[in-house]
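S.K.: Build the 3D model from these lines:
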Amino acid sequence: MSIAVTAAARGELRELPAISTAKQVSDFTQISLPVLARKRADGTGPNVLRIGRSVRYRREDVLAWLESLSETG
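M.R.: The predicted structure follows:
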């Protein structure tokens with residue numbers, strides 16, 4: 001069962017905007033900002049969208065990444 005599905009079953013799923021900041025993804029996944037940044041740098045985190053110098057995450061990419069973790073873990 002995925003992290004998102006498990007959280008939803010407990011009524012804890014918070015809405016993640018369609019385009020999210022690193023802080024929003026960090027809050028949603030409960031992964032610290034430094035760990036999220038490290039995962040972005042080493043290519044093991046969710047895909048990113050760069051808008052100028054800003055890093056953003058698509059909701060679909062974050063959810064797909066979480067699903068892939070539950071499949072491999």
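S.K.: So which residues of this protein form helices?
M.R.: Listed in chain order, the helices of the chain (DSSP state H) span residues 3-9, 22-29, 33-42, 59-72.
S.K.: Low-confidence ranges, the chain, go.
M.R.: Where the chain drops to pLDDT under 70, the residues are 1-14, 72-73.
S.K.: Give me the distance between the lengthiest strand in the chain and the centre of its chain.
M.R.: Counting residues, the longest strand found in the chain (DSSP state E) is strand 54-58. Chain-centre distance of strand 54-58: 10 Å, with Cα atoms, centre = their mean, to the nearest Å.
S.K.: Identify each buried residue in it, please.
M.R.: Judged by neighbour count (16 or more other Cβ atoms under 10 Å), strand 54-58 contains these buried residues: R56, Y57, R58. Every residue, glycine included, has its C-beta placed from N, CA and C.
S.K.: What is the nearest of those residues to T29?
M.R.: Y57 (9.9 Å; Cβ to Cβ).
S.K.: ok, that closest one - contacts?
M.R.: By Cβ atoms under 8 Å, 6 or more residues apart in numbering, the contact list for Y57 reads I19, S20, T21, A22, Q24, V25, P46, N47, V48, L49.
S.K.: out of those residues, which are inside strands?
M.R.: Filtering the contacts of Y57 for strands - DSSP E - leaves I19, S20, L49.
S.K.: what residues are up against the first one?
M.R.: Contact analysis of I19 by Cβ under 8 Å, 6+ apart lists L49, R56, Y57, R58, R59.
S.K.: Check the last one too.
M.R.: Applying Cβ under 8 Å, 6+ apart, we find L49 in contact with I19, V55, R56, Y57, R58, D61.
S.K.: so what's the residue nearest in space to the middle of the chain closest to, chain neighbours aside?
M.R.: Of all residues in the chain, the one closest to the mean position by Cα atoms, centre = their mean is V62, 3.7 Å from it. Once flanking residues are discounted, V62 sits nearest to P46: 4.7 Å by Cβ to Cβ, 6 or more residues apart in numbering.
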